[in-house]
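**Q** build me a model:
(chains A and B)
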Amino acid sequence: MAKVFEKKELKKKSENLSDWYTDVVLKAELADYGPAKGTMVIRPYGYAIWERLQHILDTMFKEYGVVNAYFPLFIPYSFLEKEKEHMKGFSPELAIVTHGGGEKLKEPLVVRPTSETIMYHMYAKWIQSYRDLPVLINQWNNVVRWEMRTYLFLRTTEFLWQEGHTAHETEVDAIRMQEAALAWYQKAYEEYYAVPVIAGIKSNKEKFAGAKTTYTVEALMPDGKALQGATSHNLGQNFSKVFDIKFQNRKSQEDFAWQTSWGFSTRSLGGLFLVHGDDQGLILPPNIAPMQVIVMPIRKSDLSNELLDEYVQNIKEALLNGGVRVKVDAREEPSVGRRFNEWEVKGIPVRFEIGHKEAEDNTVTLVRRDTGEKTVVKRSDMLVTVEKVLKTIQDDLFEKAKTFRDKHTHEVSTYDEFKKIMETSRGFIKAFWCENAHCETAIKEETKASTRCLPLEDIDKNLDGVCVKCGAKAIHKWLFAQAY
RNA sequence: CAGGGUGUAGUUCAGUUGGUAGAACGCUUCGUUCGGGACGAAGAGGUCGCGAGUUCAAAUCCCGCCACCCUGACCA
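**A** Down below sits the predicted model:
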């Protein structure tokens, strides 16, 4: 097993997850605190990760036929009031502009917490006929929700996301869209973030304000709390009826559009960082890492370094041509040990150490960030080996996270077991629930665990059980956890 | 909003009974180094969170305010 070099200044993940998280986000230069409360600056390294994710999701959206657009940041206050549930859900966390240009506004403007209302106002103008459908529009933007307490990436006053908003002829079409979005999110988490998720449907209490149903992907964090990774909503005709999105259908009848909305935010990055890091810092899965390989030339002052530099350049070009995202760290300072540490904190999956030895032997020394394992690789095998190692790291990280998740998923049949787990290791709990909101609220108050979802794979199972809380008839095992 | 904590150099912090500002790391320059946080020399850097007060004198004492962090309720 490879030697592990301890970080002197970094807080230990193994001791306190939340201290470690804050520390690593700042030291890896992912983000910094903004001057106004609850705001966050996403620094270039953190933003590069977000840009990768944007590219990945955006490609999937476009293949499906979703197009991008941009809608205004400001929404007339009255728009929010139109859909009752939507208003009720969002009113406590709205930022409202009351003055502009030195004058009090006649109608206050809401800084968008989400764009259903303003987009659907426009959709009503654009949609007349079934021939205008479907409308599949996404926007990459920022939204503001005035949270009481904020946390880097996981909960900030302003956050970045994409919000897809669609209108369809039939509910079947809408549900197909809703499911497609959920599948994209699952894929982003599992294949790129290497974070296993459970896809399911939200309870009435937990669903999006104004939605008919909400799909979610839920991930388990190392402290046993769950992160709602992304959501996809079937809005039914709730919004089309209040925003008057009417069209004439194929039978020449007037009908309201069937709608969906779906979103994936920078919160997901918080989950990504929490899941994979260790006491040495971040570990980024190769598929999402902006830099997959960091090449470190190791110079000698008593030798000419010309050949070494040339060899390093040659390696870099070969990697780039092979489609590997690579950066060379040829800085003279600080010393090499410190630079190793910097890149480890940043979680670059693979490091190449290239000194005179490697340059002479036509090799590279390859070091895995996740295991610390060092191997000497022949120049001729380099590209194939790197690709293999990157894939192995990606798979290993996913498996490791999945093993943890499965180990911390408990099926319980009694409320005592339920409470005991919540008091100790936490994690996911699968238990029968009668689907009555009273029990859901009581469980949350008593154990902090809320329903996360009814896993999709269990929806069609009609089991014969009793509610873990009240003992009434229950047909589904729901997934519970304390939420982030 | 409630509870806890903290505000002094870029960062982390020390600063005794009130006496006029310190350390470490970081930063800059020069030189020697580089296979796991190197070393030497020289340097730059402060409205002690803000306001009012007590005092000959306040980082230090009193009063008020503000900001941020952590823990809860809310939430993607």
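
**Q** can you name the residues in contact with stretch A:287-294?
**A** A:45, A:48-49, A:51-53, A:56, A:191-194, A:272, A:286, A:319, A:324-329, A:343, A:347-352, A:386, A:390, A:394 (C-beta atoms under 8 Å, 6 or more residues apart in numbering). Backbone N, C-alpha and C define where each C-beta goes, glycine included.

**Q** can I get that stretch as CSV, trimmed to CA atoms?
**A** Extracted as CSV, the C-alpha positions of stretch A:287-294 are listed here (Å, rounded to 0.1, in the frame of the first residue of the first chain):
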residue,chain,number,x,y,z
ASN,A,287,-15.1,12.0,-16.0
ILE,A,288,-15.9,15.3,-14.3
ALA,A,289,-12.4,16.5,-13.4
PRO,A,290,-11.3,19.6,-15.4
MET,A,291,-7.8,18.3,-15.3
GLN,A,292,-7.4,14.5,-15.3
VAL,A,293,-3.6,14.4,-15.2
ILE,A,294,-1.2,16.8,-13.6
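
**Q** buried subset of the contacts of stretch A:287-294?
**A** With neighbours counted by 16 or more other C-beta atoms under 10 Å, the contacts of stretch A:287-294 contain buried members at A:45, A:48-49, A:52-53, A:56, A:192-194, A:272, A:286, A:319, A:324-329, A:343, A:347-352, A:386, A:390, A:394.

**Q** just the ones of these in strands?
**A** A:326-328, A:350-352 (DSSP state E).

**Q** quick one: which of the residues you listed is nearest RNA strand B?
**A** A:R351 (7.0 Å; C-beta to the nearest atom of the strand).

**Q** just the contacts of stretch A:287-294 that are near RNA strand B?
**A** Among those, the residues lying close to RNA strand B (C-beta under 7 Å from any atom of the strand) are A:R351.

**Q** tell me the domain boundaries of chain A?
**A** What automatic domain parsing lists as the domains of chain A is A:17-276, A:293-389, A:409-482.

**Q** mind putting the ones you listed into CSV with distance to A:K7 and mean pLDDT?
**A** As requested, the domains of chain A are exported to CSV (distance: least, C-beta to C-beta, whole Å; pLDDT from 0 to 100):
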stretch, distance to A:K7, mean pLDDT
domain A:17-276, 9, 93
domain A:293-389, 6, 95
domain A:409-482, 26, 93
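
**Q** quick one, which of those is nearest to A:V4?
**A** Set against A:V4 and scored by C-beta to C-beta, the domains of chain A come closest in domain A:293-389, at 5.8 Å.

**Q** measure that closest one end to end?
**A** Start-to-end span of domain A:293-389 (C-alpha to C-alpha, to the nearest Å) is 11 Å.

**Q** quick one: that domain to chain centroid distance?
**A** 30 Å (C-alpha atoms, centre = their mean, to the nearest Å).

**Q** now do the same contact list for the residue nearest to A:A431 when sequence neighbours are not counted.
**A** In space, and not counting its chain neighbours, A:A431 is closest to A:V468: 4.1 Å by C-beta to C-beta, 6 or more residues apart in numbering. The contact partners of A:V468, taken as C-beta under 8 Å, 6+ apart, are A:412-415, A:418, A:431-433, A:443, A:474.

**Q** out of the residues you listed, who's nearest RNA strand B?
**A** A:I443 (12.1 Å).

**Q** so the closest one makes contact with A:A449?
**A** Yes: here A:I443 lies in contact with A:A449, judged by C-beta atoms under 8 Å, at a distance of 6.1 Å.

**Q** which residues of the stretch 201-350 of chain A lie near RNA strand B?
**A** Counting by C-beta under 7 Å from any atom of the strand, the residues of the stretch 201-350 of chain A close to RNA strand B are A:208-209, A:228-231, A:263, A:265-267, A:280, A:298-302, A:332-338, A:340-342, A:344.

**Q** try it again at 6 Å.
**A** Taking C-beta under 6 Å from any atom of the strand as the contact definition, the stretch 201-350 of chain A meets RNA strand B at A:208, A:228, A:231, A:265, A:267, A:298-302, A:332-338, A:340-342, A:344.

**Q** of those, buried ones?
**A** A:208, A:228, A:231, A:265, A:267, A:298, A:336, A:340-342, A:344.

**Q** in helices, which of the residues you listed fall?
**A** Judged by DSSP state H, the subset of these located in helices is A:267, A:336, A:340-342, A:344.

**Q** gap between A:D19 and A:V25?
**A** To A:V25, A:D19 is 11 Å away according to C-beta to C-beta, to the nearest Å.

**Q** okay, the two: which has more neighbours?
**A** Each of A:D19 and A:V25 has its neighbours counted (other C-beta atoms under 10 Å); A:V25 has more, 26 against 13.
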